[in-house]
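Colleague: With the input below, show me the fold.
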Amino acid sequence: MNQVLNEKESNRQLNSYIGRLGHFIEPVMRPLGFDWKMSVALLTGVAAKEITVGTLGVLYQAGDDTDEHSASLITKIQQQTYHDGPRKGEKVFTPLVAFSFMLFILIYFPCVAVVAAIKKESGNWRWALFIVVYTTGLAYLASLAVFQVGSLLL
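Modeller: Numbering: from 1, shown residues only. The predicted structure follows:
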């Protein structure tokens, strides 16, 4: 029964606006090892980085820790595999992908409140926009390098 409900929820997520947006940006994030759910979590993390974990919990359908019948986010992430494409059957979150994901989160700009504060302190939007573009670009390149080099070595 839970399998049917999870499948129904998965299909609902795929057809939602956030699912469509995630699939739209997935090709850009795929070289970093990220699937559409991780990409969406990064987008929601723009509001505040801690929201990233909550988004992953919702998208991976993790249960409440107090419910002994539902799987935790850690368990769901460990069990997640690709269902189609060239990586079908492989784990989504390998240690390398997790490291690349955490590196991206660590480097890209903290949140929109920081961007607004930079705009207020500098007096124009150019510095705020520069910080967003620079830190996001740096995060992308660093995660790309780590994932691609790590993939070659492992």
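
Colleague: who's in contact with K37?
Modeller: The contact partners of K37, by CB atoms under 8 Å, 6 or more residues apart in numbering, come to G22, L56, L59, Y60. All C-beta spots, glycine's among them, are computed from the backbone N, C-alpha and C.

Colleague: ok, and the closest non-adjacent residue to the residue positioned nearest the centre of the chain?
Modeller: Nearest to the mean C-alpha position of the chain, by CA atoms, centre = their mean, lies M38 at 2.2 Å. In this structure, M38 finds its nearest non-sequential neighbour in F101, 5.8 Å apart by CB to CB, 6 or more residues apart in numbering.

Colleague: pLDDT wise, what is the one you found at?
Modeller: Looking at F101, its pLDDT reads 95.

Colleague: Just the element for it, please.
Modeller: Element membership of F101, judged by DSSP states H and E, is helix 95-107.

Colleague: secondary structure element for I18?
Modeller: Using DSSP H and E, the element containing I18 is helix 17-29.

Colleague: With V53 instead?
Modeller: helix 51-59.

Colleague: same thing with A128?
Modeller: With DSSP H and E as criterion, A128 is part of helix 125-153.

Colleague: Quick check: which helices or strands does that helix pack against?
Modeller: For helix 125-153, the elements it packs on are helix 95-107, helix 112-122, judged by 3 or more CB pairs under 8 Å, 6 or more residues apart in numbering; DSSP states H and E.
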